[in-house]
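[1] Here is the input, now give the coordinates:
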Amino acid sequence: MSGERMNNEEDGPDTAGKPTILIVDDNENDRLLLRYYLNFFQCRILEADNGAEGLAVAVRERPILIVSDALMPEMDGFQFLREVRRTPGINQVPFVFYSAVYTGDRDEELALSLGADAFIAKPKDPEEFVRILNNILASAERHRPAPSASLLENDELYLRSYSRVIATRLEEKVRELSASESKFRNFFHNIRDVVIVVDGQRVILDANEPALVKVFGYSLEEILGKSSRMLFADEATYRKTGNHYTPGAESQAPGLLETVYRRKNGESFHAEVSGNILRDEAGKDMGYISVIRDITERKALEEQLHHAQKMEAIGTLAGGIAHDFNNIITAIIGFSTLVQMKMPPEDPSRENLREIISAGERAAALTRGLLSYSRKDAMRMDGLDLNEVVQQSLKLLKRVIGEDVILDVTQAGEPLFILGDSGQLEQLLMNLATNARDAMPCGGTLFIETKRITLDEDFQSRRGFGKTGDSYALLTVEDTGQGMDEATRQRIFDPFFTTKESGKGTGLGLSIVYGIVKQHNGYVDVSSEPGKGAVFNIYLPLTSAKVVKTDRPSMASMRGGDEVVLVVEDNEVIRNLFTAILGEFGYQAHPAADGMQAVGIVKELKGRIDLAIIDIIMPGKNGRQVLDDLLAISPELKHIFMSGYPRDVISGKALIDDSEGYLHKPVSPYILLERVRDILDGKQ
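    Residues are numbered from 1 along each chain as shown. You can find the predicted model right below:
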């Protein structure tokens, strides 16, 4: 028979004349283990896969012992035992059950009633197992209870007894399956990702409901039996995913696929999906199972990283152009100031020059704003009255908003003293005015109001910021424009977010506003509805100290001197400007285009140089290297470094110490003369 096996050849010299032990078990590994145990008895060992084969072997070979499993195909262990006890010639052969399936009391009771010598549950200690079998074989007069004749002869009675055993076993299996199903469902429903099971037509068969509700917003009942198309953002993504994973599709590429799904509320979201084809026992495609991971947060982080990289690029670009741009602004402000200084007070052109100087100063503030926003420059915080900052900005604001927009300004009846950067606050107002103008293409009204406000508990609970009892200067900028929906309002401060047409907005205006407010330790909130305009409320902390207003000194009042000053600057326009300003105020100014010229001048003057003003970034030798060469000739030489690059960029290159004097271009004539005088007088 096909299932009959021996561990030795039947007619071999090692097995001749030896008694036989028969193993009947459908599991090959279990037979191998039993054969290993039974080698103790030095017998010939035969094997069979099931009861029918075992019965044939037993009739032919007359074994001295049968060890059988209970659950087997074709004929199980109970029917096999019944047939053994009913067959003359083998009905007295010791029969031992060794089973891991039928191990209950009814199983053992039926086995013993049919004439089994022992019922051993798997697994069993090998020594104990061998001891039991040895006792059975060693007893010449076995006291095995006689099998129940009625069970052996009466098929109906046997079937009733056998059915009770099977029913008990089925109940146990149902309980086991129920527990297994419960365990699986518990595991399935605790998976954080959404697991969707569909058939070959992509009709939804199952899903883990907690994750489904959390990610998609649907209950399981709402999607069962429906096409999975309802979960996708559009037809294209549905088809793309289908071509990637659906059984029978041309493309069944493994791995993750990033696609776009749609929640119940209509919101689209990015997700990663991995899928596996489900097949039946014959290998036929039945459907597939997909695991969907919402990557909205990850995409947001990636976007933030992308924005940060953009801002780093802007910072690098801003730092790179600042040097040249600030040189230009320095020349505009400087030469205009020199011309204005020589004009009679009554000359009508003085007003035009004041406008040029003011425009140059605004350009300098704009450069500082970009550098500050990209963290390449620090704010210049001074004591300010917010009312005065607003007042000084009005002329420019009127030009920004145009003639079809009415400007309505209401200021507090008291000074609002804050610590701030006036240039940045003016930039803030200009950005808000520009935003308001764009929201009112057909004209409207722009309201600007300042007032004092003290925060209370109600304010803190409603707005979610501030500290109860703190006083702030409130700057309100309101327009009567188109307004915005809530989704837009939530994103207006995001870098590069804009609702304008391509090429008509950078998406940086309001994000710069947000950055300026935060650097002033303030808060900003926005309220708006479509068609009802927008209101920007900016809260800036008040300072208790009063601000002493100092007017800009006239050029005539600036102190000069007769000291020798060396100007080392590679930009010819700036070099000539500084030389001219210093010369106008009595200094003996000597220009040098680079380090080599500077060293030559110092040697020519035999070291009689009182002060060197040195551009830190120049072709060839930088300012630090030039200073080292000059100090080697004139060790007592005083110096000031200058550059269009922010100080922290210069410091990062290890070109300047914190204790050294530094002029950040654009430099007005007032600042230049004041700093030169202070250095020469030993004040710095």
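[2] Would you map the strands across the stretch 451-600 of the chain?
    Ranges of strands in the stretch 451-600 of the chain, per DSSP state E, counting those that start in this stretch, are 471-479, 523-528, 534-541, 564-568, 588-592.
[3] Buried deepest among these, which one?
    With neighbours defined as mean count of other C-beta atoms under 10 Å, the strands of the stretch 451-600 of the chain peak in mean count at strand 564-568, which reaches a mean of 24. Glycine gets a C-beta too; all of them are placed from N, C-alpha and C.
[4] Would you mind getting the angle between that one and strand 588-592?
    Interaxial angle of strand 564-568 relative to strand 588-592 (axes from the mean of the first three to the mean of the last three C-alpha atoms, to 10 degrees): 20 degrees.
[5] Need the contact partners of strand 564-568.
    By C-beta atoms under 8 Å, 6 or more residues apart in numbering, the surrounding residues in contact with strand 564-568 are 575, 578-579, 582, 587-592, 594-595, 597-598, 601-602, 605, 608-615, 618, 623, 626, 630, 676.
[6] Adding distance to L55, write the strands of the stretch 451-600 of the chain out as a markdown table.
    Putting those into a markdown table (distance: least, C-beta to C-beta, whole Å) gives the following:
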| stretch | distance to L55 |
| --- | --- |
| strand 471-479 | 98 |
| strand 523-528 | 89 |
| strand 534-541 | 93 |
| strand 564-568 | 113 |
| strand 588-592 | 116 |
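[7] that older thread, mark which of the contacts of strand 564-568 are buried, thanks.
    Buried by 16 or more other C-beta atoms under 10 Å: 575, 578-579, 582, 587-592, 594-595, 598, 601-602, 609-615, 618, 623, 626, 630, 676, out of the contacts of strand 564-568.
[8] So which of those residues sit within helices?
    Among the buried ones among the contacts of strand 564-568, DSSP state H puts R575, F578, T579, L582, G595, A598, I601, V602, G623, V626, L630, V676 in helices.
[9] in stretch 277-294, what's buried?
    Within stretch 277-294, the residues scored as buried using 16+ other C-beta under 10 Å are I277, L278, G287, Y288, I289, S290, V291, I292, R293, D294.
[10] out of the residues you listed, which are inside strands?
    Of the positions in the buried residues of stretch 277-294, I277, L278, G287, Y288, I289, S290, V291, I292, R293, D294 sit in strands, assigned by DSSP state E.
[11] Output stretch 562-573 in PDB, but only the C-alpha positions, please.
    Coordinates of the C-alpha atoms in stretch 562-573 are reproduced here as PDB (Å, rounded to 0.1, in the frame of the first residue of the first chain):
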ATOM      1  CA  ASP A 562      41.500 116.700  11.800                       C
ATOM      2  CA  GLU A 563      42.700 113.100  12.300                       C
ATOM      3  CA  VAL A 564      44.000 110.900   9.500                       C
ATOM      4  CA  VAL A 565      41.400 108.300   8.400                       C
ATOM      5  CA  LEU A 566      42.100 105.400   5.900                       C
ATOM      6  CA  VAL A 567      39.000 104.200   3.900                       C
ATOM      7  CA  VAL A 568      39.600 100.700   2.500                       C
ATOM      8  CA  GLU A 569      36.700  99.900   0.200                       C
ATOM      9  CA  ASP A 570      36.600  98.000  -3.200                       C
ATOM     10  CA  ASN A 571      33.400  99.800  -4.300                       C
ATOM     11  CA  GLU A 572      34.500 103.000  -5.900                       C
ATOM     12  CA  VAL A 573      31.300 104.900  -5.300                       C
END
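[12] can you list the weak-confidence ranges in the stretch 401-550 of the chain?
    The model of the stretch 401-550 of the chain has pLDDT under 70 over residues 460-464, 495-509, 545-550.
[13] What is the subsequent helix or strand relative to the worst-scoring helix or strand of the chain on mean pLDDT?
    Within the chain, judged by mean pLDDT, DSSP states H and E, the helix or strand with the poorest mean is strand 5-6; its value is a mean of 50. Sequence-wise, the next helix or strand downstream of strand 5-6 (DSSP states H and E) is strand 20-24.
[14] Return the set of buried residues in the very next helix or strand once past that following strand.
    Using DSSP H and E, the helix or strand that follows strand 20-24 towards the C-terminus is helix 28-38. Neighbour counts over helix 28-38 (16+ other C-beta under 10 Å) mark D30, R31, L33, L34, R35, Y37, L38 as buried.
[15] And stretch 126-136, by the same measure?
    Quick answer for stretch 126-136 (16+ other C-beta under 10 Å): F129, V130, I132, L133, I136.
[16] Now secondary structure and distance to M75 too, for those residues, in CSV please.
    Formatted as CSV, the buried residues of stretch 126-136 follow (DSSP: H, G, I helix; E, B strand; the rest coil; distance: C-beta to C-beta, whole Å):
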residue, secondary structure, distance to M75
F129, helix, 24
V130, helix, 27
I132, helix, 25
L133, helix, 23
I136, helix, 23
